[in-house]
Structures are given as C-alpha cells and as structure tokens.
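In: dropping the sequence and predicted coords here.
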Amino acid sequence: MRTASRKADHLRINIERDVLGKGIENGFAGWRFAHRALPQIDLADVDPSTEIFGRRLRAPILISCMTGGTVEARQVNERLARVSERHGFAMGLGSARALIEAPELLETFDVRAAAPNVLLFANMGAVQLNKGYGIEECRRLVDALGADALVLHLNPLQEALQPEGDTCFRGLLGKIAEIAGAAAFPVIVKEVGWGIAAPEVRALFDAGAAAVDVAGAGGTSWSEVERHRIAEPWKARVAASFSDWGTPTAQCLIEARTAAPKERIFASGGITTGVEVAKALALGADLVGIAGPFLRAADAGEESAGEFARELFDELRIAMFCVGARRPDDLRGRLRSVS
C-alpha cells in the first residue's frame, strides 16, 4: 500500500473511531497543584509566553504532528495552521515520507503561507533512515515546507503491527546522530504515544538531538489505529493486546527530566486541557503537544479548533494565576503527588 493511502486510513480512523488506549491514563491525575488563595499577583501579570528555536510563542503549546498527504489532510492542516498563527502556538506536520515519494503532495503539507510566524516542525519516521533516506532527504523536507526543525519519530510497536511496517530499528541511534550532526536545523526525536525511557532520552541528547518529546501513553494508541486497518481477525487480536501498552506521559516526563536536567524536553500523550499543560510544565516540559483533540476539533471546522485553542490558553493562564506563577518556569515545584 502506498504511503499516501495509509495516511488516508489513519486520518479517517482517528476521526471516526475510538482509538484511545484502554486501561491506561496519562498519569497527570496523580498530581495536584497547591492552590494559592493569596496568589499575590494580578491575572494580568501572568505571561505564558516562551521562546523555542528562536520563535516566540504566546504559550508553550504545540499542535502536535498528525497528518498530511491527502486532500482531506490539506484542509485539516490549513485550518490548524491558521489557528496556530492566530494563537501563537507551535505546529507539527504529519509524517512527510509521502512527500518524498510523491512531491506533488506538497500542497497537502505546505502551510507556511497560512502561518508565516509559526514555529513549524517537519516530520519523518526515524526508521526510514535505515531504508535509504539520509540528510539530503531531510534537508529537502525542511526546505520544501519552510520548517524550523525536523521531527524524527520512533514507532516500533506501530511498525510491528502495520501490514506494511518497517521494523529494522537496528543501528538507528547512530543514524540519528549522523542526521543531527549534519543538519543546519534542530532535530527533535519523539515517540508516537508509548513513551521514551530515561536511558534512551539521555542517549538521544548525547547523539545530538536538540529536543526529545517523550510522547507517553494515555492518549491515542496507534496499536488501536492499526487494529482498525487489519483485515485478518487474529492479527487484529494481536494489535488489541497492546491497547494498554506504554509508559504514562507524566512518568516519562519526570524520568526524562531527571536524566536530562538541562536539555529541552517536550511532553505529549493524552493531554487534553490547559490545566494538564500546566502540570506538564510543572513537571519539567518546555513545550507541550496536543494532537487528537485538535484533529477532531479541526475536522468539525476552523472555528471549533480556534475555540479549543482559546480554552487551552485560558485554562493554562488561570491555572498559573491560581498558584501564583507569572511565567511558565514559576510552575516548577508547585505540584504535589496525590497517588
């Protein structure tokens, strides 16, 4: 099956089916902010803005990597790009391997005209580095999309379950190091929803990654997405057995920050509210990604996606106010474990 056709399946399934992990949550419910009845600041003093890779963001929120390569994806990406531009969020594009295979698909990914000031991430599966892709293909993607950085995503479980999956992850860390060393743009490494263990986080930074997105469990499960694509019942049951797989996002984030106390760490995976964004920032994230809720909101229309963005921003701002945090860094140390 061609990559573009697979992407169409993924988009449709994510919108139409329940693809959340089963029996696993993101872990943030185990943490509570210490409410301040006397925050000693004005709500107007709260400034959630931050700077990542030279771009100023109104809030440390990323509309995370999701889709591209189809006509439907073009509409979704354009809506989300305009929302990102209006609200000052970062944006990640879906895996652009399809664009390398078929350059005519550029218009389904290209959102720079709609979002000239957005911090924009191109995206490709890291495993493709073992399939002949190298620095030239990476440069071509970043240049074609006008992106500020490249995401290399790790998805061994998804590849193992896909009928057409690429499962040779042997020697991949070295290939990532080669790309990071040769690239003139930041290289970000992320999982797709099962988490990255602390030793791997450290190894990725040592290999030259500019940031690591732990992308833990608790939200969309790509084993569930692939289950809906599988025709053979027994193979679908294999996929279903992984519905609770992975490490919850909050746990991943805590362990990653311990392993890399001074590096740039992003968090995503099952985050749905601005309060959870605040919790992720308090646990050490520099940028917080949200994918599924934005995808479904954008499918309903640009107004719906914009409304969700406003909700996130206001929830984050009010959470910061109620713990006396003027800036995102002030959230550190304001959480207590209740698990």
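Out: Perfect, I can see it now.
In: is the spatially most distant residue from the centre of the chain in a helix, a strand, or coil?
Out: Within the chain, residue 38 marks the point farthest from the mean C-alpha position, 34.9 Å out by C-alpha atoms, centre = their mean. In three-state terms, and counting by DSSP: H, G, I helix; E, B strand; the rest coil, residue 38 is coil.
In: find me the pLDDT at it, would you?
Out: Per-residue confidence (pLDDT) for residue 38: 99.
In: in the stretch 51-200 of the chain, which spans are strands?
Out: For the stretch 51-200 of the chain, the strands defined by DSSP state E, counting those that start in this stretch occupy 55-57, 61-63, 90-92, 120-125, 149-154, 187-191.
In: so what does the third one touch, helix or strand wise?
Out: Strand 90-92 makes packing contacts with strand 61-63, helix 71-87, strand 120-125 when contacts are defined by 3 or more C-beta pairs under 8 Å, 6 or more residues apart in numbering; DSSP states H and E. (Glycine included, C-beta is placed from N, CA and C.)
In: quick one, what contacts the nearest residue to residue 89 once chain neighbours are set aside?
Out: Closest residue to residue 89 apart from its sequence neighbours, by C-beta to C-beta, 6 or more residues apart in numbering: residue 61 at 4.6 Å. By C-beta atoms under 8 Å, 6 or more residues apart in numbering, the residues touching residue 61 are 87, 89, 90, 277, 287, 288, 289, 290, 309, 312, 313, 316.
In: residue 269 is in contact with residue 288, correct?
Out: No: the pair residue 288 / residue 269 is not scored as a contact, 10.0 Å apart, by C-beta atoms under 8 Å.
In: which one of the two has more residues nearby?
Out: Taking neighbours as other C-beta atoms under 10 Å, residue 288 and residue 269 compare with residue 269 leading, 36 against 30.
In: hang on, isn't the more buried one packed against residue 218?
Out: Yes: counting by C-beta under 8 Å, residue 269 sits close enough to residue 218 to count as a contact (5.3 Å).
In: who touches both of these two?
Out: 26, 248, 249.
In: among the residues you listed, which one has the most neighbours?
Out: Most neighbours among the shared contacts of residue 269 and residue 218, by other C-beta under 10 Å: residue 249, with 32 neighbours.
In: does that one touch residue 220 like I think?
Out: No: the pair residue 249 / residue 220 is not scored as a contact, 11.7 Å apart, by C-beta under 8 Å.
In: overlap in contacts of those two?
Out: Counting by C-beta under 8 Å, 6+ apart, the common neighbours of residue 249 and residue 220 are residue 270.
In: ok, and for stretch 192-203, which residues are buried?
Out: Under the neighbour-count criterion of 16 or more other C-beta atoms under 10 Å, stretch 192-203 has 192, 193, 194, 195, 196, 198, 200, 201, 202, 203 buried.
In: against residue 165, how distant is the residue nearest to the first one when sequence neighbours are not counted?
Out: Across the structure, with C-beta to C-beta, 6+ apart as the measure, the residue nearest residue 192 apart from its sequence neighbours is residue 155 (4.5 Å). As defined by C-beta to C-beta, to the nearest Å, residue 155 lies at a distance of 9 Å from residue 165.
In: quick one: the closest residue to residue 223 other than its chain neighbours from residue 217, how far?
Out: The spatially closest residue to residue 223, leaving aside those adjacent along the chain, is residue 242, at 4.0 Å (C-beta to C-beta, 6+ apart). Distance, residue 242 to residue 217, using C-beta to C-beta: 10 Å.
In: so the two - more neighbours on which side?
Out: Neighbours around residue 242 and residue 217, counted as other C-beta under 10 Å, are more numerous at residue 217. The numbers are 25 against 21.
In: contact partners for that one?
Out: Taking C-beta under 8 Å, 6+ apart as the test, what residue 217 contacts is 21, 24, 26, 193-195, 244-249, 269-270.
In: grab the nearest non-local neighbour of it.
Out: residue 246 is the one closest to residue 217 (C-beta to C-beta, 6+ apart), at 3.0 Å.
In: quick one, which of residue 155 and residue 165 is more surrounded?
Out: Legend: neighbour count by other C-beta under 10 Å for residue 155 and residue 165, higher for residue 155 (23 against 14).
In: correct me if wrong: the more buried one contacts residue 223.
Out: No: judged on C-beta under 8 Å, residue 155 makes no contact with residue 223 at a distance of 10.1 Å.
In: tell me where the chain has helices.
Out: 3-16, 71-87, 97-101, 106-109, 135-145, 156-161, 172-182, 198-206, 222-227, 233-240, 249-259, 274-282, 292-300, 302-322 (DSSP state H).
In: tell me which of these is the most buried.
Out: Of all the helices of the chain, helix 274-282 carries the top mean neighbour count, a mean of 26, counting by mean count of other C-beta atoms under 10 Å.
In: please consider this matter closed, and thank you.
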